[in-house]
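**Q** give me a model of this one.
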Amino acid sequence: MTEVLNLRSSHRQPTLTEKEDALRDLTGALLAGKSDEAKQRAHAALARGNNEREILDVVLEVVSIISDLQELGGYDQAKIASVETAVNTGLQVLEEWLVKSEGKLGVKVTVGPVGLKAGALSALALSASLRSIGFRSTNLGKTQTALDLLRNSEELDSDLVIPMLPGNDVEQLRSFAEAYERGGFKNKFEVIPIAPGLSENLQVSLVIARNSEEAISKATQWALKKARSPH
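**A** The predicted model follows:
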């Protein structure tokens, strides 16, 4: 951190290379699952002129990389857990910014994995993304059953629930849809499941997103429509 303090005291504008190096260092610390270093690197990146959005983008990129590697068998659960801790630590540096950002849309969202091995890490990243664009998002963390996620969301008085489901699992999606419709939740909140790899022609009663980016887009469209509709 000495070089960061020196940079601040000199009042010198960081160069583009210094800013890029800071983000690269943060990426390395997150991928290695080094929590303390990730926190230091996040602070250093901000000190070198990167903004909070750029820090968050690095976090999201790392989560995407780890998720892909996990699917290929490249990361074991212990390694994923260390990366999750590092990501959480890195996000704590952005907490003040996230608090200021969330709530602008006036919509409460809960995010949680259902039957997904590495879902906790992906849910952490998705929840932070939603907060950054104005949602009051709560990450329910570890993988749950569909009914548990729905009941917990009800207790939190959610407006919208984004369950993260395993890829190419039609039965898991249909099971979730059944729990949502038969459990009395349909009139309490909207759901937008993330179900990767499913056919565009699949006939289900829910609006489905194929990835986190699509889920965020659909959630934003729904929130804006909700805001415009008469109460």
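**Q** for the helix ranked longest in the chain, name the packing helices and strands.
**A** Scanning the chain for the longest helix, with DSSP state H as the assignment, gives helix 52-71. Counting contacts by 3 or more C-beta pairs under 8 Å, 6 or more residues apart in numbering; DSSP states H and E, the secondary-structure elements packed against helix 52-71 are helix 16-31, helix 35-47, helix 77-92, helix 119-132. (Each C-beta comes from the backbone N, C-alpha and C, glycine too.)
**Q** which one, of these, ends up nearest to residue 179?
**A** Among the helices and strands packed on helix 52-71, helix 119-132 comes nearest to residue 179, with 17.0 Å by C-beta to C-beta.
**Q** would you mind writing the CA trace of that closest one as PDB?
**A** C-alpha atoms of helix 119-132 as PDB (Å, rounded to 0.1, in the frame of the first residue of the first chain):
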ATOM      1  CA  GLY A 119     -24.300 -21.100  -7.400                       C
ATOM      2  CA  ALA A 120     -23.300 -19.100  -4.300                       C
ATOM      3  CA  LEU A 121     -20.500 -17.300  -6.200                       C
ATOM      4  CA  SER A 122     -22.700 -16.500  -9.200                       C
ATOM      5  CA  ALA A 123     -25.600 -15.300  -6.900                       C
ATOM      6  CA  LEU A 124     -23.200 -13.000  -5.000                       C
ATOM      7  CA  ALA A 125     -22.100 -11.400  -8.300                       C
ATOM      8  CA  LEU A 126     -25.600 -11.100  -9.700                       C
ATOM      9  CA  SER A 127     -26.900  -9.500  -6.500                       C
ATOM     10  CA  ALA A 128     -24.100  -6.900  -6.500                       C
ATOM     11  CA  SER A 129     -24.900  -6.100 -10.200                       C
ATOM     12  CA  LEU A 130     -28.600  -5.600  -9.400                       C
ATOM     13  CA  ARG A 131     -27.700  -3.300  -6.400                       C
ATOM     14  CA  SER A 132     -25.400  -1.200  -8.600                       C
END
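**Q** who's in contact with the following helix or strand past that helix?
**A** Sequence-wise, the next helix or strand beyond helix 119-132 is strand 136-139, with elements assigned using DSSP states H and E. Strand 136-139 is contacted from outside by 102-103, 107-112, 123-124, 126-128, 130-131, 156, 158, using C-beta atoms under 8 Å, 6 or more residues apart in numbering.
**Q** from residue 153, how far out is residue 113?
**A** Counting by C-beta to C-beta, to the nearest Å, the separation of residue 113 from residue 153 is 13 Å.
**Q** cool, and residue 181?
**A** Per C-beta to C-beta, residue 181 is found 15 Å from residue 153.
**Q** in terms of neighbours, single out the busier of those two.
**A** Set side by side, residue 181 and residue 153 show unequal neighbour counts under other C-beta atoms under 10 Å, the larger going to residue 153 at 26 against 13.
**Q** may I see the buried residues of the helix or strand hosting that one?
**A** Here residue 153, judged by DSSP H and E, is contained in helix 146-155. Along helix 146-155, these residues count as buried under the neighbour rule (16 or more other C-beta atoms under 10 Å): 146, 149-150, 152-154.
**Q** tabulate these in TSV, adding columns for distance to residue 44.
**A** TSV is the format used below for the buried residues of helix 146-155 (distance: C-beta to C-beta, whole Å):
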residue	distance to residue 44
146	42
149	37
150	41
152	37
153	37
154	42
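**Q** quick one: residue 127 and residue 113 touch, right?
**A** No. Between residue 127 and residue 113 no contact is recorded; they are 11.2 Å apart, counting by C-beta atoms under 8 Å.
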